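Participant: Using only what follows, build the 3D model:
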Amino acid sequence: MNARVNIKLPADGWEARPHQEKLWDYLVGGGKRAVAVWHRRAGKDEVLLHYSAYAAMRRRANYWHMLPEFGMARRAIWDSVNPHTGRKRIDEAFPQAIRASTRDNDMQIKFINGSTWSCVGSDSVTHGGGIGSSTAGIVFSEYALANPSAWGYYRPILEENDGWACFISTPRGRNHLLTTFQHAQRTPGWFAEILTAGDTGALSHAALAEALSEYIALYGEDAGRAMYESELMCSFTASVLGSFYAIEMRHVREEGRISEEVVADPARPVDRYWDLGIGDDTSIWFAQSNGAQLYVLDHVATSGRSLEGWRDEIERRHNEHGWKHGTDWVPHDAKVKELGSGRTRVETMLALGLKPQMVPWATIDDGINAVRRMLPLCAFHPRCEEGGISALEQYRREWDDDKKAFRASAVHDWTSHPADAARYMAMSWRPAPLRVVKAPKLDGWRIPPPGEVRQRRGIIL
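Facilitator: Coordinates of the predicted model:
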């Protein structure tokens, strides 16, 4: 029995800890939208697993616990064991007495009243793995690392079903988790809360000191402290561990280069930089050269859209903002013939009235270095924030737990396609050359003449 809200839980004996009670009370009181930015080991998933059990027994429907990747959902939730009790986390939240069946391969539990609860990944959902499914409750766990498109897919379904959604995570830079939290803060009916390790008291001072020491030993002084600030102090400004562009993107924000004043010149073309990924994943940056600076005006990324659909979307955005059409920069794999049509994507784009041009070839490392040189010259419109700027901030190297070092390769997740498109932008765009203006001459003198000439000719300036 919960101490504050007199509701019997499916898992007998579980009780919310003091710092968890505010969120628990909100949910069982009928709350529909919650953003909980809690420190690591504060029990975010614990609360939502038990609430999902309560919700599933109260209302017959489908419920999801969503991690950024399907494999992560298995490791972090389905197979996870509580070290304090030695029991699997799902067994604590969903005891056998309320289950009708358990499907390990699908990571799904069916309850005796017909409800289902499943572990899913936002990577598979946004590729069509969950399209058509109806759900009445979703937990977006580790939302800072998830594909932000997942919420766009399922928000209409939850609204139609009068369902609920909870976003729980620790920060990973100033990305879509922050914008979602800020939206929750200013929107009536939403729950928004940040809890650091200092707020909850869940970890002693000795445990926090040990954690900081461990992070520094693993990742080095600067990265270790950044990890500590992010994981335990819930800092949105700490650098993302292993980020390729952490320094450059921090300067973009500190120097105020994300601004509504970044507006295109209607007389000059706006170019588009494409990443045509495997299958139908596509990411496009819209940008205009402005002297030695690049105005990055918009970004869009999604899957499940044909080139015809992209042509229409591009036309819509250009008409909406009054942009002049420019060049479509595409990678070399756009020359590969597609099965079925027998045409290359370049040929299809030409037939649709687009203006494709091949990106100069370069290695991935060369492209990353090109982005690092480009970013100090970029100014972004705020419409690039979610999915664009946040992807550049989170595009990061893989961490090898065995070797305790970063791999050379990048993590392949939702950030990959926007980051690849940014590489193509950096390799294609060149700042306009400075105009060389010859100084006017008078009687063979430069104006003003050199100092020694002024002295010799008695000129006083």
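Participant: low-scoring stretches of this structure, by residue?
Facilitator: Screening the chain residue by residue with the criterion pLDDT under 70, one finds the ranges 1-13, 124-133, 277-280, 337-342, 401, 404, 431-461.
Participant: domains of it?
Facilitator: If you go by automatic domain parsing, the domain ranges for the chain are 18-200, 205-241, 269-428.
Participant: Could you work out the end-to-end span of the second one for me?
Facilitator: Spelled out, that is domain 205-241. Taking CA to CA, to the nearest Å as the measure, domain 205-241 stretches 24 Å from start to finish.
Participant: in it, what counts as buried?
Facilitator: Residues of domain 205-241 classed as buried: 208, 211-212, 215-216, 219, 223-236, 238-241 (neighbour count, 16 or more other CB atoms under 10 Å). Quick note: C-beta positions are derived from backbone N, CA and C, even for glycine.
Participant: that older thread, what about the domains of the chain, which gets the closest to E248?
Facilitator: Counting by CB to CB, E248 lies closest to domain 269-428 out of the domains of the chain; the figure is 3.9 Å.
Participant: now the end-to-end length of that closest one.
Facilitator: With CA to CA as the measure, domain 269-428 spans 15 Å from end to end.
Participant: Renumber starting at 605 from here on
Facilitator: Okay, residue one is now 605; in that scheme the one you just asked about reads as domain 873-1032.
Participant: Give me the distance between it and the centre of its chain.
Facilitator: Its chain's average C-alpha position is 15 Å from that of domain 873-1032, according to CA atoms, centre = their mean, to the nearest Å.
Participant: how about the residue nearest to H985 when sequence neighbours are not counted, phi and psi?
Facilitator: Of all residues beyond its chain neighbours, the one nearest H985 is V866 (4.4 Å), with distances taken as CB to CB, 6 or more residues apart in numbering. For V866, the backbone dihedrals are phi -80, psi 90 (criterion: degrees, to the nearest 10).
Participant: got the contact list for V866?
Facilitator: Contacts here follow CB atoms under 8 Å, 6 or more residues apart in numbering; on that basis V866 touches Y899, V900, L901, A983, F984, H985.
Participant: which of these has the most neighbours?
Facilitator: For these, counting by other CB atoms under 10 Å, the largest number of neighbours falls to V900: 29 neighbours.
Participant: in what helix or strand does I798 lie?
Facilitator: Taking DSSP states H and E as the definition, I798 sits inside strand 794-799.
Participant: So what touches that strand?
Facilitator: When contacts are taken as CB under 8 Å, 6+ apart, the neighbours of strand 794-799 outside the stretch itself are 623, 626-627, 630, 635, 637-643, 646, 785, 787-789, 838.
Participant: Contacts for stretch 1006-1025 next, please.
Facilitator: Stretch 1006-1025 is contacted from outside by 672-673, 726-727, 730, 749-753, 822, 846, 848, 877-879, 881, 885-889, 903, 905, 935, 975, 991-992, 995-996, 998-1004, using CB under 8 Å, 6+ apart.
Participant: in it, what's buried?
Facilitator: F1010, A1014, V1015, D1017, W1018, T1019, S1020, H1021, P1022, A1023, D1024, A1025.
Participant: Tell me which of the buried residues of domain 809-845 fall in helices.
Facilitator: Residues from the buried residues of domain 809-845 lying in helices, with DSSP state H as the criterion: 812, 815-816, 819-820, 823, 827-835.
Participant: M676 is in contact with E746, isn't it?
Facilitator: Yes - in terms of CB atoms under 8 Å, M676 counts as a neighbour of E746; the distance is 7.4 Å.
Participant: neighbour-wise, which of the two wins?
Facilitator: Each of M676 and E746 has its neighbours counted (other CB under 10 Å); E746 has more, 22 against 19.
Participant: Going along the chain, name the helices of the stretch 805-954 of the chain.
Facilitator: Taking DSSP state H, counting those that start in this stretch, the helices of the stretch 805-954 of the chain run over residues 809-823, 825-835, 850-858, 911-925, 949-955.
Participant: Redo the ones you listed as a markdown table? Include distance to F771.
Facilitator: As requested, those are exported to a markdown table (distance: least, CB to CB, whole Å):
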| stretch | distance to F771 |
| --- | --- |
| helix 809-823 | 24 |
| helix 825-835 | 17 |
| helix 850-858 | 22 |
| helix 911-925 | 27 |
| helix 949-955 | 36 |
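Participant: so I972 sits in a helix?
Facilitator: Yes - with DSSP: H, G, I helix; E, B strand; the rest coil as the criterion, I972 is part of a helix.
Participant: Roughly how far does S773 sit from E835?
Facilitator: With distances defined as CB to CB, to the nearest Å, the gap from S773 to E835 amounts to 11 Å.
Participant: brain fart, E919
Facilitator: In this structure, E919 lies at 44 Å from E835, with CB to CB as the measure.
Participant: is it true that L816 touches A830?
Facilitator: No - contact between L816 and A830 fails when scored by CB under 8 Å: they sit 11.2 Å apart.
Participant: shared neighbours of these two, anything?
Facilitator: For the pair L816 and A830, no residue contacts each of them under the criterion CB under 8 Å, 6+ apart.
Participant: Grab the nearest non-local neighbour of A1025.
Facilitator: Beyond its immediate neighbours in the sequence, the residue positioned closest to A1025 (CB to CB, 6+ apart) is D879, lying 3.8 Å away.
Participant: Quick check: bridge partners of that neighbour?
Facilitator: On the basis of DSSP bridges, D879 takes part in beta bridges with S887.
Participant: just to revisit the earlier point, which of the buried residues of stretch 1006-1025 sits closest to R663?
Facilitator: W1018 (30.9 Å).
Participant: isn't there a helix covering R976?
Facilitator: Yes - going by three-state DSSP, the assignment for R976 places it inside a helix.
Participant: how close does it sit to Y999?
Facilitator: Applying CB to CB, the value for R976 to Y999 is 12 Å.
Participant: what about the two, which has more around it?
Facilitator: Under the criterion of other CB under 10 Å, the comparison of R976 against Y999 puts Y999 first, with 27 against 14.
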